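Student: Here's a sequence, model it:
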Amino acid sequence: MSGEPSFIEIGVPAGGRARAFYGALFDWKFREYGGPESFAVDTPTIGAGIHTSDPDACMVVYFAVADIEAAARRVRELGGKADEPGPEIEGFGRFVECRDDQGVRFGLRQAPR
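Tutor: This is a model prediction of the structure:
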């Protein structure tokens, strides 16, 4: 596993408010993506997304892996939890949501082929 951060997902109750806040704070540029009040964020160093309806209202960091299936198995072997990796999303790759052995949320992401 390479493990460098590769994507940040920001789950919020109101996507428009998050867009206004982070746009003013960091001068981020946004594109609508995937639904109402959901946005892709173009930053100079890392991809990010804002989506609504996240019950935890939190940020989740996705870490780069070369083989998402093997990485999800390794999370489970180490006492964490990992969902089944989803299919490849064009332009994004594959991802899986996980929790470490103490319950902290994070994600794994395999870049597009």
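
Student: what's the domain layout of this protein?
Tutor: Domain segmentation of the chain under automatic domain parsing yields 1-58, 65-113.

Student: how far does the first one sit from the chain's center?
Tutor: The chain centre lies 9 Å from the centre of domain 1-58; the measure is CA atoms, centre = their mean, to the nearest Å.

Student: worst average pLDDT in the domains of the chain?
Tutor: Mean pLDDT is lowest for domain 1-58 among the domains of the chain, at a mean of 87.

Student: Can you verify Tyr22 is assigned to a helix?
Tutor: Yes: the assignment for Tyr22 (DSSP: H, G, I helix; E, B strand; the rest coil) places it in a helix.

Student: show me what contacts it?
Tutor: By CB atoms under 8 Å, 6 or more residues apart in numbering, the residues touching Tyr22 are 10, 28, 41, 50. Quick note: C-beta positions are derived from backbone N, CA and C, even for glycine.

Student: Ignoring the adjacent residues along the chain, who's closest to the first one?
Tutor: Nearest non-adjacent residue to Ile10, counting by CB to CB, 6 or more residues apart in numbering: Ile50, 4.7 Å away.

Student: cool, the third one as well?
Tutor: If you skip the residues right next to it in sequence, Val41 has Ala48 as its closest partner in space, 3.9 Å away by CB to CB, 6+ apart.

Student: so that neighbour sits right up against Gly11, yeah?
Tutor: No: using CB atoms under 8 Å, Ala48 makes no contact with Gly11, being 11.5 Å away.

Student: Strands of this protein, start to end?
Tutor: Using DSSP state E, the strands of the chain run over residues 5-12, 29-32, 39-42, 47-52, 59-64, 81-82, 94-99, 105-110.
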